[in-house]
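1. The amino acid sequence is not available; the structure is as follows:
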């Protein structure tokens, strides 16, 4: 098989791009919240994560706060959907678009009245 110089360089670029993406995804260590229970304060969380997206202080002094982990995707589909020989949408231009939203992911940290981490939970909304 005889490959041109352009296709070789494009293939090499594609392989390098995929490998770089895979390595970048592995570079962020996950936080072990169970190890931080009892010795991680609300002030440290704000320094590390920024101000929370939601915050509530209960009457007993407990603080419940949530930070956005990542947004859910927005899925868009053209309507009407005509599966035909020309692929999705067919030769007829779409007349409307339908959107579907996936939930956002939050991490909820609960701090005891003494200000130290008491509980961790992932939530979707």
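-> Received it, and whenever you're ready, just let me know what you need. Treat the numbers as computed from the prediction; the structure is a model and nothing was measured. Residues are numbered from 1 along each chain as shown.

2. Going by C-alpha atoms from here, please, whenever you check contacts or count neighbours.
-> Fine.

3. so who does residue 76 touch?
-> 97-100 (C-alpha atoms under 8 Å, 6 or more residues apart in numbering).

4. so it is in which element?
-> Take DSSP states H and E as the rule and residue 76 turns out to sit in strand 74-79.

5. List the buried residues in the following helix or strand past that strand.
-> Later in the chain than strand 74-79, the nearest helix or strand by DSSP H and E is strand 96-101. Within strand 96-101, no residue is scored as buried using 16 or more other C-alpha atoms under 10 Å.

6. related to what we said a few turns ago, in TSV, list the contacts of residue 76 along with distance to residue 34.
-> Converted to TSV, the contacts of residue 76 look like this (distance: C-alpha to C-alpha, whole Å):
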residue	distance to residue 34
97	44
98	41
99	38
100	35
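
7. How about the contacts made by residue 67?
-> Contacts of residue 67 by C-alpha under 8 Å, 6+ apart are 49, 51-54, 106-108.

8. Bridged to it, which residues?
-> residue 107 (DSSP bridges).

9. buried ones in stretch 53-65?
-> Under 16+ other C-alpha under 10 Å, the buried positions of stretch 53-65 are 62-65.

10. Oops, could you answer that again for stretch 43-54 instead?
-> Buried, per 16+ other C-alpha under 10 Å, within stretch 43-54: 45, 52.

11. Perfect, that will be all.
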